[in-house]
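A.B. asks: Need coordinates for the following:
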Amino acid sequence: MDFPSETGFNDGMNTQIISEQGPLRVEERYYLPTPVDSRRQGSGDQAFRRFPAERGARASSGPRAAYQGGQVYLFSSATGGCGTSTAAALFASYLSAGGERIILLDLDLSRGGMDVLLGLEQEEGLRWSQVKAPLGMIDGLALTNELIQWDGCPLLSADPWRGSPHQWWEIAAVIRALCDYADAVVCDCGTNLAIIRGLQTYLEGTRSDSSQAKDWYQIWDRVGNRTHIAVALVVDLTVLGLMRAQGAASRLSGRSQALNLALLGILPVAASLEARRGFAQRRKRSQGGKGMVSAQEASDHLGQPIYGPLRPDRGLDLSIRQGRGLEDAPREYERIFADLEEGLSSSSPALSGGHHDLAPRTA
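C.D. replies: Numbers count the residues shown, from 1 in each chain. Alright, predicted model coming up:
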C-alpha cells in the first residue's frame, strides 16, 4: 500500500482494516499532532527550516516491490558513553554539508535523548513518544516536516521517560517512511547491539534466540532494505573498550560476510587531558596513555582495519557539557568521515581490507 501523498498525514492514516468478514471500521485516530505553524522559530535567530516536499518526495506508481529508499547508517558500540551519539550526529552533519538530504534518527529508545545532546531539548518538534502507527503505516513527508531541525538535518529524538515502548511495526513504519524522503538516514543505536544482530539474521535468513533481535529481524524485514544499509561499530580505544569491541565484532562479523560493517576508533577524553599535561611527550603517540590503545594496536588485535581515530576536542567537549550542543568539530574529522563514508558505501569494508587510515594522525 502506498504512503498517502496528496492528503494530510492525519487524513491519510484514517483508513480501514480489511478482514475476511469484510471491512472493519476503525475509529478516527490522529497518530501525529496537528501540524504547527511553519513560522515558528528555532534556536537563536534561525527560523525553523522544513524539509521541502518537492525535494524529498519520491515518485511512486504502485506497491513497492523492492527497496528504493535512502541509505541507512547504523552507529553502535559495545561501550556506553564513548561518543557514539556524537559521532553519529557529526557524521550526519558531514553528509548534510555535502548537499544530501539527511535525517538523524535516535534508535536508542530505552535511553535516548539526542535532542539534549544537541542542545535542542527546548525546541518544538516531534519526539518518539508522539509517534503512533498502530496500523504500521506513516506518511514520511508529514512526519519529516514535523521533526526538530539541527544543522540542516531533521531529527527524531527518543524520549522514553514520556511514553511507553513502541511496537516493532511502529518502529519499522518510521524507518521506512523516513527512508522514502531522504538520501540517507543516520541512526544512533547506542549500545543496543540487538538492532545489529537483528539486521544480521535478516540478511542471513537465520533466527536469533534473543527476543529483541527477533523484533529487529521483523523490523528490517518490514523495511525491506537488504543492500543499502551499513554499520559503524564505534571502538572505545581503551583496554576495556577494546575487549568489549572484540566480543561484539566477533559476533557481528565472524560468522558471515553479509553484514556491511566498519570499525570507527574514538580516543577517550583522558587522551587530550594527558596530552595537555605533557604525558604524551614522554610516550610514543602510537602507544597512547595509560589504559589507552592506539588505532593501530586495536586494528592488530581485532584483525580488522579501523577508521580514525576521532580525537577528543576540548571545545567540543565543553560545548556539550554546557548544553550548547555540538559546535564546530575539528577539521580532521571531515577527512575521517570521508574515508568512513567511502568504506561504508563499499561491499563489506571490514572484511575486504580497503583503504583505511590505521595509524593515529600525528600533530
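A.B. asks: helices and strands of this structure: which one bottoms out on pLDDT?
C.D. replies: strand 17-19 (a mean of 30; mean pLDDT, DSSP states H and E).
A.B. asks: burial measure for Arg226, as a count.
C.D. replies: Arg226 has 14 neighbours, counted by other C-beta atoms under 10 Å. Where C-beta positions appear, they are placed from N, C-alpha and C, glycine not excepted.
A.B. asks: That one contacts Gln200, correct?
C.D. replies: No. In this structure, Arg226 is not within contact of Gln200 by C-beta atoms under 8 Å, at 11.9 Å.
A.B. asks: what is in contact with these two at once?
C.D. replies: By C-beta atoms under 8 Å, 6 or more residues apart in numbering, Arg226 and Gln200 have no common neighbours.
A.B. asks: Please report the distance of Ala89 from Pro305.
C.D. replies: 24 Å (C-beta to C-beta, to the nearest Å).
A.B. asks: ranges for the helices of the stretch 251-363 of the chain?
C.D. replies: Assigned by DSSP state H, counting those that start in this stretch, the helices in the stretch 251-363 of the chain fall at 269-277, 295-302, 314-321, 331-345, 349-352.
A.B. asks: hang on, the earlier thing: out of Ala89 and Pro305, which sits in the busier spot?
C.D. replies: Ala89 (25 against 22).
A.B. asks: Which residues are in contact with that one?
C.D. replies: Contacts of Ala89 (C-beta under 8 Å, 6+ apart): Leu104, Met114, Leu117, Leu118, Trp150, Val186, Asp188, Leu326.
A.B. asks: how does it look with 10 Å?
C.D. replies: The neighbourhood of Ala89, defined by C-beta atoms under 10 Å, 6 or more residues apart in numbering, consists of 75, 104, 106, 114, 117-118, 150-151, 153, 155, 186, 188, 325-326, 329.
A.B. asks: now the strands: where do they sit in the protein?
C.D. replies: Using DSSP state E, the strands found in the chain span residues 17-19, 22-24, 71-77, 102-106, 148-150, 153-156, 184-188, 229-236, 261-266, 306-310.
A.B. asks: Need these in a markdown table (columns: distance to Ile336 and mean neighbour count).
C.D. replies: Formatted as a markdown table, those follow (distance: least, C-beta to C-beta, whole Å; neighbours: other C-beta atoms under 10 Å):
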| stretch | distance to Ile336 | mean neighbour count |
| --- | --- | --- |
| strand 17-19 | 48 | 9 |
| strand 22-24 | 53 | 9 |
| strand 71-77 | 14 | 24 |
| strand 102-106 | 17 | 27 |
| strand 148-150 | 21 | 23 |
| strand 153-156 | 19 | 26 |
| strand 184-188 | 15 | 27 |
| strand 229-236 | 11 | 26 |
| strand 261-266 | 8 | 26 |
| strand 306-310 | 5 | 27 |
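A.B. asks: Please convert those strands to JSON lines, extending it with distance to Ala298.
C.D. replies: Output for these, formatted as JSON lines (distance: least, C-beta to C-beta, whole Å):
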{"stretch": "strand 17-19", "distance to Ala298": "51"}
{"stretch": "strand 22-24", "distance to Ala298": "56"}
{"stretch": "strand 71-77", "distance to Ala298": "13"}
{"stretch": "strand 102-106", "distance to Ala298": "27"}
{"stretch": "strand 148-150", "distance to Ala298": "31"}
{"stretch": "strand 153-156", "distance to Ala298": "30"}
{"stretch": "strand 184-188", "distance to Ala298": "22"}
{"stretch": "strand 229-236", "distance to Ala298": "6"}
{"stretch": "strand 261-266", "distance to Ala298": "6"}
{"stretch": "strand 306-310", "distance to Ala298": "6"}
